[in-house]
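Enquirer: below: sequence and its predicted model.
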Amino acid sequence: MEHHKAYTGGRFGVSQDGLDRVGSPLVRSGGRGRHRVGPALVLVLPFLAGGVLPQSSSAQELDIAGAYKRSFEMEKAQRYQEAIRALAPVYEAYPNGYTVNLRMGWLFYLNGNFNNAIAHYEVAGTAMPYSLEPKLGRLLPLLAQERWAEAEALAYQIVSVDHYNYYGNLRLIIALRNQKKLEPAYQIALKMTSAYPTDMYYLVELALIQDARGDKAEAKRLFEDVLILYPDNETARKYLGR
C-alpha cells in the first residue's frame, strides 16, 4: 500500500531533511513507489484482520469496493479529507481491520494529521504483527514530526528482518543523518548504493552525508553524478550553484 513518500523539492528534488510534503515520484503510479491493494485484498483483509464480522445489516450491506474506489479517486485529486470520508463507513464497520487502518494511516499522513496517521498504523500493526507495511507507513509521520530517535528505532526493526529493505534503509539514513549520526548513516548509504548504484535518492543521501562529514570534494563529485542522471534534481543543482 502507499507508504513510500519520502522526499520533496519538485519532481526530482530532495529537501535537506529528506521529507516529502508535495507530490513525489515515489508515490505516483508505477515504479517501486506505489503499491496499492488489489481488489481481492481490499475485499478480504478488513474481514480477516478485523476479527468477527459486524452483525448489523448496514455493515453486511456495505459496498467496500465502492468505498475504496471513491477514496482512491479523491486521493488522486488530492482531496484527502474527502478520501478519508469515503472510507469512513468501512472503518466504522471494521475499526480493527488491517487494510482499512493501513489506508487511513496513509490518508491522514497526506492530510497532515500525523498523530492520527500514527494511531491508524499502530492498529494495523496490531492486526498483523509480522507485516512490515505498518512500520514503513508509521515512519512517515514520525519523520515529518522530526521524531528522529523513534524513527531510527522503528527503521532498525524493519532492516533487522529485511536487511536490504529499500524504504526501511532510506528512512533509517534520514533519521540518522538528522541526528548527526553520520558514521552509521554513511555505512548504510554505502551498502544501499552498492545494491542500487544509480538510485537518485541514495546517491543524494550519500552526497549529503559526505558533505556533513566534511568531505566537500566527494559530495561535489556525487552531486555532479546525480545531475548527469537526473538533470532537474533541485538538491544537487542548489548545492552546485546551478
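Expert: Thanks, I have it.

Enquirer: how many neighbouring residues does residue 198 have?
Expert: 12 (other C-beta atoms under 10 Å). Every residue, glycine included, has its C-beta placed from N, CA and C.

Enquirer: residues touching it, list them.
Expert: For residue 198, the contact set (C-beta atoms under 8 Å, 6 or more residues apart in numbering) comprises residue 229.

Enquirer: same thing with residue 193?
Expert: Contacts of residue 193 (C-beta under 8 Å, 6+ apart): 199, 202-203, 206.

Enquirer: which secondary element of the protein has the worst mean pLDDT?
Expert: Within the chain, no helix or strand scores below helix 39-50, which has a mean of 40 by mean pLDDT, DSSP states H and E.

Enquirer: residues contacting the residue nearest to residue 218 when sequence neighbours are not counted?
Expert: Excluding the flanking residues, the one nearest residue 218 by C-beta to C-beta, 6 or more residues apart in numbering is residue 210, at 4.5 Å. Residue 210 makes contact with 186, 216, 218-219, 222, according to C-beta under 8 Å, 6+ apart.

Enquirer: now do residue 227
Expert: By C-beta under 8 Å, 6+ apart, the neighbours of residue 227 are 233, 236-237, 240, 242.

Enquirer: likewise residue 142?
Expert: 118, 150-151, 154.

Enquirer: which stretch of helix or strand covers it?
Expert: Taking DSSP states H and E as the criterion, residue 142 maps to helix 133-144.

Enquirer: next structured bit after that helix?
Expert: Next along the chain from helix 133-144, counting by DSSP H and E, comes helix 148-161.

Enquirer: name the surrounding residues that touch that next one.
Expert: Residues contacting helix 148-161 (C-beta under 8 Å, 6+ apart): 132, 135-136, 138-139, 142-143, 165, 168-169, 171-172, 174-176, 178-179, 181.

Enquirer: ok, back up a step: of the contacts of residue 227, which belong to strands?
Expert: Using DSSP state E, no member of the contacts of residue 227 falls in strands.

Enquirer: identify the farthest-apart pair in the contacts of residue 193.
Expert: Greatest spatial distance in the contacts of residue 193: 199 and 206, 9.8 Å, computed using C-beta to C-beta.

Enquirer: so those two - more neighbours on which side?
Expert: Counted by other C-beta under 10 Å, residue 199 and residue 206 do not tie: residue 206 has more neighbours, with 25 against 17.

Enquirer: now that one: how far from residue 121?
Expert: 28 Å (C-beta to C-beta, to the nearest Å).

Enquirer: residue contacts, the nearest residue to residue 211 once chain neighbours are set aside?
Expert: Using C-beta to C-beta, 6+ apart and skipping the chain neighbours, the partner closest in space to residue 211 is residue 219 (3.8 Å). Taking C-beta under 8 Å, 6+ apart, we find residue 219 in contact with 207-208, 210-211, 239.
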